[in-house]
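Enquirer: Got a predicted model here, sequence first, then my questions.
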Amino acid sequence: MSRIVPAVFTALLIGSAINHAAATPAERLAKAIQFETISYQDRSQIDLEEFRRLHAFLRESFPRVFTQLEVETVNDHSLLLRWPGSDSDLKPVLFTAHMDVVPIEPGTEDDWDHPPFAGVIADGRIYGRGTLDDKQGVLGNLEALESLLAEGFVPARTLVFAFGHDEEISGLEGAGKLAERMLEKGWHFAWMVDEGGMLISDNPLLPDKDVAIINVAEKGYLTLTLVATGEGGHSSRPPKTSTIGRLSAALERIENNPFPTQMVGPVAAMLERMGPHVEQPNRFFFENLWLTGGVVADRMSEDPMTNSFVRTTTALTMFNAGVKENVVPQRAEAKVNFRLLPGDTPETVVSYITELVNDPQIEISYERWDKVPGVSDYNGGGFAVISDAISAVYPDAVIVPSLLVATTDTRHYIDLTDDQYRFQGIRVASSQAASVHGTNEYIAIESYENSIEIARQMIMLAAR
Ligand SMILES: [Zn+2]
């Protein structure tokens, strides 16, 4: 067992009379894993009944939460919970997580030590799809709430919890509709916290310390479609330059001319706060970024793991042309996916790429552009609350702001608050990162229990 406060267990003992099948937080998470709430790109494949069954399980497992809070089901499969505070002058705080999970890649089922939807507890771990992304986020918040309600805790500030059901395939039906509903109600928040940051136990720069990463920004997402059109015809009398050749040449220029490196605010702040804890010469470099920023950014760009922190990245992802081996196609199409640093916009990307391509016979377009969250305040407010919650459970952790290189539901909540943080109190080794969306996803029981205590602390501190 962990150093989670005894109060949680007192509360759970009371709760356990209701549900003998799942008497501990670990057992309840294991049970929740068994609901196959899988998001498929092709929405017709989604088994929505599994979401309804998961909701029923949550209602039965967290009876105080579902009777004492205001609960609304939004768009049939997402959940919105509101805990009214005693002081209506205080702006509410929003906590979010998601109930859906990604599918198991066909052919990899047998690579799992325990079947991905069995919810097996073994070796001090809970195994299964969703143990890190993101059922532990949903259940962890509910565990924290249930125990606080049992203790008679009364928040001064109103707290809202929003759990979406399609984060893995855009979040438009879940978080998108939750946000619409909250805007309809006229809610606005002091700050919010979503998934997307955690404690890392084996950061190579700080091997003896836990590093708690609170992401204060995330990268933007943009896909450009490039279409080359031109003369086609029979391959016995080919044109001098084919559409395939034209488009390939353009793609080569794009790939060989990456966006320049940059040291953006959240990454600089991360390095500066790690500075005092790392060895020389890194300490000097991190503590003097006004002088060394360019060198550090260039060094980081050499490793694919850190490259994405210091530049808008370019990935050639699709190429389609031709229907028959003896016909030169009149059209060739490619897709290029970009992940944008804070400060870059679709306009800046399109103009940079147009200049590189420099070919009037290639058309460049994009379908959709999601709003990108801004950079949240990392010198006070919600950041301070989350930091204090972490320190209460992991007093030696080095807490840093950072930039999330993936995307989350957070972007749907952009109009509800200016300050959006991404952090959950789970502690993982970097080797576990590959298991998220991959094979053998698991969470250590101790890590999960401590994350519940951090959630309790966040709720209590936010509620003041
Ligand atoms: Zn997730």
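Expert: The structure has been received and is ready for your questions.

Enquirer: When you work out contacts or count neighbours from here on, use the C-alpha atoms and nothing else.
Expert: Noted.

Enquirer: Go ahead and confirm Tyr127 touches Asn440.
Expert: Yes - checked against Cα atoms under 8 Å, the pair Tyr127 and Asn440 is within contact range at 7.0 Å.

Enquirer: so what's in contact with the two at the same time?
Expert: Shared contacts of Tyr127 and Asn440 (Cα atoms under 8 Å, 6 or more residues apart in numbering): 114, 116.

Enquirer: secondary structure element for Gly293?
Expert: Using DSSP states H and E, Gly293 sits within helix 289-301.

Enquirer: Compare Tyr127 and Asn440 (neighbour count), which wins?
Expert: Tyr127 (29 against 22; other Cα atoms under 10 Å).

Enquirer: what pairs with that one across the strands?
Expert: Tyr442 (DSSP bridges).

Enquirer: Who are the contact partners of it?
Expert: Contacts of Tyr127 were listed using Cα under 8 Å, 6+ apart, and they are 30, 114, 116, 119-121, 440-443.

Enquirer: Look at it and report its pLDDT.
Expert: On the pLDDT scale, Tyr127 is placed at 97.

Enquirer: For Val102, see how far away it is.
Expert: Distance of Tyr127 to Val102, computed by Cα to Cα, to the nearest Å: 15 Å.

Enquirer: Mind telling me the two of the contacts of Tyr127 farthest from one another?
Expert: Ala30 and Asn440 (14.1 Å; Cα to Cα).

Enquirer: where do the helices sit along the chain?
Expert: Counting by DSSP state H, the segments of the chain that form helices are 6-16, 25-33, 48-61, 63-68, 135-150, 175-184, 243-256, 265-274, 282-287, 289-301, 304-310, 346-357, 381-393, 445-462.

Enquirer: could I get those helices as JSON lines with mean pLDDT and mean neighbour count?
Expert: Rendered in JSON lines, the data for the helices of the chain read as follows (pLDDT from 0 to 100; neighbours: other Cα atoms under 10 Å):
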{"stretch": "helix 6-16", "mean pLDDT": "42", "mean neighbour count": "15"}
{"stretch": "helix 25-33", "mean pLDDT": "98", "mean neighbour count": "23"}
{"stretch": "helix 48-61", "mean pLDDT": "98", "mean neighbour count": "17"}
{"stretch": "helix 63-68", "mean pLDDT": "98", "mean neighbour count": "16"}
{"stretch": "helix 135-150", "mean pLDDT": "98", "mean neighbour count": "24"}
{"stretch": "helix 175-184", "mean pLDDT": "98", "mean neighbour count": "19"}
{"stretch": "helix 243-256", "mean pLDDT": "97", "mean neighbour count": "18"}
{"stretch": "helix 265-274", "mean pLDDT": "97", "mean neighbour count": "20"}
{"stretch": "helix 282-287", "mean pLDDT": "96", "mean neighbour count": "18"}
{"stretch": "helix 289-301", "mean pLDDT": "95", "mean neighbour count": "16"}
{"stretch": "helix 304-310", "mean pLDDT": "92", "mean neighbour count": "17"}
{"stretch": "helix 346-357", "mean pLDDT": "95", "mean neighbour count": "15"}
{"stretch": "helix 381-393", "mean pLDDT": "97", "mean neighbour count": "20"}
{"stretch": "helix 445-462", "mean pLDDT": "98", "mean neighbour count": "24"}
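
Enquirer: Let me have the ones you listed in TSV, extended by distance to His77.
Expert: Below are the helices of the chain laid out as TSV (distance: least, Cα to Cα, whole Å):
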stretch	distance to His77
helix 6-16	25
helix 25-33	15
helix 48-61	6
helix 63-68	15
helix 135-150	14
helix 175-184	10
helix 243-256	41
helix 265-274	34
helix 282-287	46
helix 289-301	41
helix 304-310	34
helix 346-357	32
helix 381-393	28
helix 445-462	24
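
Enquirer: right, and those helices - which one's nearest Trp191?
Expert: For these, distance to Trp191 was read as Cα to Cα. The smallest value, 6.0 Å, belongs to helix 381-393.

Enquirer: who does the closest one touch, helix- and strand-wise?
Expert: Judged by 3 or more Cα pairs under 8 Å, 6 or more residues apart in numbering; DSSP states H and E, the packing partners of helix 381-393 are strand 191-194, helix 445-462.

Enquirer: okay, now the domains of the chain?
Expert: Taking automatic domain parsing as the reference, the chain has its domains at 6-198+406-462, 217-365.

Enquirer: Can you convert the helices and strands packed on helix 381-393 into a markdown table and add a column each for distance to His165?
Expert: Below are these laid out as a markdown table (distance: least, Cα to Cα, whole Å):
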| stretch | distance to His165 |
| --- | --- |
| strand 191-194 | 14 |
| helix 445-462 | 21 |
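
Enquirer: Out of these, the one nearest Leu159 is which?
Expert: Taking Cα to Cα as the criterion, Leu159 comes closest to helix 445-462 out of those, the separation being 7.9 Å.

Enquirer: what sits up against the closest one?
Expert: Outside helix 445-462, the residues within contact range by Cα under 8 Å, 6+ apart are 1-5, 25-26, 93, 124-126, 136, 140-141, 143-145, 148, 155, 157, 159, 382, 385-386, 388-390, 392-393, 424-428.

Enquirer: again with stretch 322-336
Expert: By Cα under 8 Å, 6+ apart, the residues outside stretch 322-336 that reach it are 223-236, 238, 242-244, 247, 314-321.

Enquirer: Equivalent analysis for stretch 254-270, please.
Expert: The contact list for stretch 254-270, computed with Cα under 8 Å, 6+ apart, reads 216-217, 289, 293-294, 297-298, 301, 309-316, 341-342, 353, 356-357, 375, 400-403.
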